[in-house]
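Asker: Below is the structure, and that's it, no one-letter string:
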């Protein structure tokens, strides 16, 4: 993995962690309108990924808090994928 890819991968991981924390902050402070807007922005940002993730979700969220919990689970899944991908690429660059 070259330096540019490492920086990009690190930034993506940081963004996902920040987004998850932001959702939790908005939920804890009961700022439902702001949370709803933020979730919609994330849905646009991760359009293809959210579509694929939601296809595997048997029950779609019916409220903003349910949607937020679903989004947190999605971000955790995405974070795991990005972290494993970065680790794999980093490992391959040492060979």
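Answerer: On my side now, so go ahead. Keep in mind that this is a model prediction, so the values were computed, not measured.
Asker: What about residue 49, how many residues nearby?
Answerer: Other residues within reach of residue 49, judged by other C-beta atoms under 10 Å, total 15. Every C-beta, even on glycine, is put in place using the N, C-alpha and C of the backbone.
Asker: Residue 52: neighbour count?
Answerer: Neighbour number of residue 52 under other C-beta under 10 Å is 11.
Asker: Report the separation between residue 15 and residue 66.
Answerer: Noted for residue 15: a distance of 23 Å to residue 66, by C-beta to C-beta, to the nearest Å.
Asker: Ignore what I typed, I meant residue 7.
Answerer: 35 Å.
Asker: any low-confidence regions in this structure?
Answerer: Counting by pLDDT under 70, the ranges of the chain that qualify are 1-2, 90-95.
Asker: try 80
Answerer: By pLDDT under 80, the low-scoring segments of the chain are 1-7, 87, 89-95.
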